[in-house]
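> Build me a structure from this.
(4 chains)
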Number of protein chains: 2
Amino acid sequence: MRKIAESTVRRLSLYLRFLEEFEAEGVETVSSEALAHRGGTTAAQVRKDLSFFGSFGKRGLGYSVPELTQALRDILGLGRRYEIVVVGAGKIGSALAQFRGFAERGFHVEWVYDSDPAKIGADWNGMTVRDVRELDADLASAPADIAILVTPADVAQPIADRLVRAGIKAILNFAPVQLAVPEDVAVKNVSMALELETLSYALRNR
Amino acid sequence: MRKIAESTVRRLSLYLRFLEEFEAEGVETVSSEALAHRGGTTAAQVRKDLSFFGSFGKRGLGYSVPELTQALRDILGLGRRYEIVVVGAGKIGSALAQFRGFAERGFHVEWVYDSDPAKIGADWNGMTVRDVRELDADLASAPADIAILVTPADVAQPIADRLVRAGIKAILNFAPVQLAVPEDVAVKNVSMALELETLSYALRNR
DNA sequence: GGATGTGAATGTCTTCACAGCT
DNA sequence: AGCTGTGAAGACATTCACATCC
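Numbering: from 1, shown residues only, chains lettered A, B, ... in the order given. This next block holds a predicted model:
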């Protein structure tokens, strides 16, 4: 399949959220125009984004909400359950591990790790914080799909190496480090400070 | 000034982080090549990004680390202190309000708001959670620069309206809603679920 | 009639390649 | 000689506009 732009994938993800809202409202059919309006983009953009993956609408009518919802779930790979490990049990790791929005979308946090003896053994909503030394053995017996890395900068790379060796193919990285990983491993960097800096830039002349 | 692409601004923010690392390591001069290598981009990209704002290097030599650091801080508007309000004292709001990485970069969380009586009055590292009903009055007497919105979806828009009326010009929005705001207000949406979905998409055929 | 799906046109971003300065 | 700064070329993304089908 042709390579798809990241911006397109992000929009598909957004469309899916809107479709779920429409579904909850009992709407059965939407036009590209309606989807675009809710998402702050254009109707042509919506149709183009979808066209990379097939044709899901009916001319003259629009898109069936349940059908397009299902199609987008398939495209995004959301038809299954994902096992997540969180490495780093600080404030952000803790918040993410317990975030309800994940489970709703099939992302299940099974394990949380830390190296701090004060945190190991702590119970969070039925999840137990484990010693990071167990990480490799745990992953060997129960593989995970995605790792969320929320460690200090200096240990992020060595942990990433261990995750990769354990077969993890996707990492959501909160550590302020550019991780080096094999090219078949997907890394998504998230930085709150960087987001604030884009806002600070936007504020320059106001 | 010409309009600058968001992707450029994000990279400048990254370069700044790397420059601070170089500075800590005692490096005095860097080439575009060195910066690019650490940031996973190309030397030409680094030079082009900088060229929108001026010329900061010396041909044949590279860039002075302290000078370029300062230039980037100025460009990004980081030469000042920013006052932040956090609305929503859930797990994520709490983690963000106490995140040390913010203060290091001049972003100071002064106030945290919630509507839950069980949370109001709680003390977090010297920060007190206040009743969200006080929000408007507080902002009238002590304006803030940036708001971080971490509320449930259904109250996000009304809160955003109040923030806008109080003069806030930048919002970091964690609520899964497309906010409607006047065009002189900058909004940056952050969605952990969406980030995971781009990873899930990347995992499709692996 | 009405809304999709899609080539073609336009616009934006990235990469190239080299002149110009140190 | 070495590395920047930058037009020009190329790649990529968005928008337009219309033929196509329900």
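> thinking residue A:136 is in contact with residue A:164, fair?
No. Checked against CB atoms under 8 Å, the pair residue A:136 and residue A:164 is beyond contact range at 11.2 Å. C-betas here are computed from N, CA, C, even on glycine.
> In terms of neighbours, single out the busier of those two.
residue A:164 (18 against 12; other CB atoms under 10 Å in any protein chain shown).
> any idea how far the helix or strand hosting the more buried one is from the chain center?
Using DSSP states H and E, residue A:164 maps to helix A:153-165. The chain centroid and the centroid of helix A:153-165 are separated by 19 Å under CA atoms, centre = their mean, to the nearest Å.
> So it, near chain B or not?
No. Applying CB under 8 Å from any CB of the partner chain, one finds helix A:153-165 separated from chain B by no less than 9.2 Å.
> One more: stretch A:9-23?
Yes. Judged by CB under 8 Å from any CB, stretch A:9-23 comes into contact with chain B at A:9, A:10, A:12, A:13, A:14, A:16, A:17.
> hang on, the earlier thing: may I see the buried residues of the helix holding residue A:164?
Under the neighbour-count criterion of 16 or more other CB atoms under 10 Å in any protein chain shown, helix A:153-165 has A:155, A:156, A:157, A:159, A:160, A:162, A:163, A:164 buried.
> Also stretch A:176-190?
For stretch A:176-190, burial by neighbour count (16+ other CB under 10 Å) applies to A:176, A:177, A:178, A:179, A:181, A:185, A:186, A:187, A:188, A:189, A:190.
> try stretch A:135-147
A:135, A:138, A:139, A:144, A:145, A:146, A:147.
> isn't the fifth one right up against residue A:85?
No. Judged on CB under 8 Å, residue A:145 makes no contact with residue A:85 at a distance of 9.1 Å.
> which residues are in contact with both of these two?
Residues touching both residue A:145 and residue A:85 (CB atoms under 8 Å, 6 or more residues apart in numbering or on different chains): residue A:168.
> so who does residue A:119 touch?
Contacts here follow CB under 8 Å, 6+ apart; on that basis residue A:119 touches A:89, A:129.
> Please apply the same query to residue A:39.
By CB under 8 Å, 6+ apart, the contact set of residue A:39 is A:11, A:14, A:15, A:18, A:46, B:178.
> With residue A:171 instead?
By CB under 8 Å, 6+ apart, the residues touching residue A:171 are A:146-149, A:160, A:163, A:179, A:181, A:185-188, B:199.
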